[in-house]
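# next input, structure requested:
(one chain, ligands or ions: 1)
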Amino acid sequence: MTTLDFDLHIIGGGIIGLTTAVKLQARGVKVTLLEANEIGQGASCGNAGHIATEQVFPIADASMLRHIPAMLFNPAGPLRLDWRYLPRLMPWAMQLLLNMRAEPFERIHQALSSLNQNSLQAWQDFANQWQLKDWVKGQGSLLTIENPNSVNPLIAHGKRLNDIGVTNEWLTKEALLEREPALQDNQLNALFFPDTGHITNLTAVINQLTVTFRQLGGHIVEHCRVLDATHSVDGIHLKTSQGAMIASKVMLSAGAHSKMLAKQLTGINVPLDTERGYHLMLPHESARLQIPVSSMDRRFIMTPMQEGLRLAGTVEYAGLEAPANMERAQVLLSLAQPMLNSPLNATDSKPWMGFRPSTADSLPVIDKIERVLLSFGHQHLGLTQAVVSAQMIAEYYFDEEHTIDPKPYQLARFK
Ligand SMILES: Cc1cc2nc3c(=O)[nH]c(=O)nc-3n(C[C@H](O)[C@H](O)[C@H](O)COP(=O)(O)OP(=O)(O)OC[C@H]3O[C@@H](n4cnc5c(N)ncnc54)[C@H](O)[C@@H]3O)c2cc1C
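Residues are numbered from 1 along each chain as shown. As a prediction, the model looks like this:
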């Protein structure tokens, strides 16, 4: 199958591939989107929907190290390692540990900040342009505590963030309960982050973007897995589950599944693994909360969505092949209930597991190398950073000046 009449083949139709596809197609690029399953059914549909611009530090930091053993030996805890996966995880985990040192930690923090500080505005502009406004909210989010020992760490966290321009407001218990009356009065204090947002219906956003992309003339091939990519003089040869294709340019955005194709397309072995996460959707609880509420002590988030209350979180290191352990999703219910002042209705609840695409330095790869564009590895922040990443890819595509310094996200850092 010769497909050189397209300018660009995008591999992977998650939120990263889809937002970029719309942005480029709208600017006249003829895009075809190749998706192994169905558009937007990976991590992008099951995440917590939080436009988490306040998360400007890598998830893994040195202060966590002393808690890790306790977390790992608690089967219901926020962190789980499948010990059988440890040998494969080791090289990635070692790099993750090295990145907790002061110098790389600060560099990564700066790079996350650069992406996040533009993310909410970028989402809102994108939502206005492409009829997504009903589902993209910029009403802020809360980070609560209930353990008295957490008061000082929360104060310190809020101050550290305010000092670097991530605005947040300290809430007393009264102010917190006034803002979210459904919370139990065991919640002692909170930080309110006004410049964050949430998406109330990820499925609707994905469907609307899919329709828009098609209306703009974009082409989608679902159930088309790219198995192999090789460069040749006439383009990039793609071996797919639907036959062979030749692409003049390719963008790789296959989320946690990008490692092998990145190696084939660029020769570089990216330290990419997956931090599996879970959610439990409670369809009869959509009106319980106004805005996303995260618990610092319990390490999970509750996001109000049109389809219900989504309880999400946990990190599980078990690779891409091990079956989901849906008990981890059920644990989220027992974490949520004590935070709320009346019983949750868990009838018809649905568990879910998905693959966060995580590099060992917690930064995405956003780059262009000759005919290959790359946008993957957005770890815990792929929804937040999707539109900003699409903007950066458009700047690469059209050789425009970069609005964000592109260097920290370039592939060369892994050479
Ligand atoms: C529990 C959980 C909660 C989260 N909460 C948040 C949050 O609140 N805020 C936030 O910003 N981020 C959050 N995230 C992270 C976010 O979901 C991801 O970073 C983001 O969805 C990654 O998007 P993606 O398009 O790169 O990957 P995906 O959504 O996984 O999409 C990749 C696509 O590529 C396809 N694909 C794979 N291999 C191939 C191939 N060979 N050929 C063709 N197609 C292929 C897949 O089928 C898939 O559709 C959360 C993640 C999880 C798991």
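
# by mean pLDDT, which helix or strand of this protein comes out lowest?
Sorting the helices and strands of the chain by mean pLDDT, DSSP states H and E puts helix 68-72 at the bottom, at a mean of 76.

# hmm, who's touching that helix?
With contacts defined as CB atoms under 8 Å, 6 or more residues apart in numbering, helix 68-72 is touched by 77-81. (Each C-beta comes from the backbone N, C-alpha and C, glycine too.)

# that one: what's the following helix or strand?
As assigned by DSSP states H and E, the chain's next helix or strand after helix 68-72 is strand 79-81.

# which bits of the stretch 251-400 of the chain sit near the ligand?
Residues of the stretch 251-400 of the chain lying close to the ligand (CB under 6 Å from any ligand atom) are 253-255, 257, 277-279, 312, 354-357, 376, 378-384.

# out of those, which sit inside strands?
Among those, the members falling in strands (DSSP state E) are 277-279, 312, 354-357, 376.

# contacts only, for the closest residue to Ser294 other than its chain neighbours.
With CB to CB, 6 or more residues apart in numbering as the criterion, Ser294 has its nearest non-adjacent residue at 4.4 Å, and that residue is Ile301. Residues near Ile301 by CB under 8 Å, 6+ apart: 48, 50, 292-295, 311-313.

# now, among these, which is nearest to Ser114?
Closest to Ser114 out of these is His50 (19.1 Å), distances taken as CB to CB.

# mind checking the SS state of His402?
coil (DSSP: H, G, I helix; E, B strand; the rest coil).

# using the three-state scheme, assign the nearest residue to it once chain neighbours are set aside.
Spatial nearest neighbour of His402, excluding adjacent residues (CB to CB, 6+ apart): Glu395 at 5.3 Å. What three-state DSSP gives for Glu395 is helix.

# the one 10 residues further on too?
Using three-state DSSP, the structure places Asp405 in coil.

# contact partners for the residue in the stretch 301-415 of the chain positioned nearest to the ligand?
Nearest to the ligand, among the residues of the stretch 301-415 of the chain, is Gly382, at 2.1 Å (CB to the nearest ligand atom). Residues in contact with Gly382 (CB under 8 Å, 6+ apart) are 14-16, 43-44, 47, 255, 356-357, 364.

# quick check: it vs Gly165, distance?
Per CB to CB, to the nearest Å, Gly382 is found 23 Å from Gly165.

# check Arg288 too.
32 Å.

# quick one: which of those two has more around it?
Arg288 (20 against 10; other CB atoms under 10 Å).

# surely that one and Leu183 touch.
No: using CB atoms under 8 Å, Arg288 is not in contact with Leu183; the gap is 9.7 Å.

# now the common contact residues for those two.
Leu340.

# burial count for Gly42?
26.

# report the separation between it and the ligand.
Gly42 is 3 Å from the ligand, where distance means CB to the nearest ligand atom, to the nearest Å.

# what's the answer for Gln187, then?
Between Gln187 and the ligand the distance is 20 Å, computed by CB to the nearest ligand atom.

# secondary structure element holding that residue?
Going by DSSP H and E, Gln187 is not in any helix or strand.
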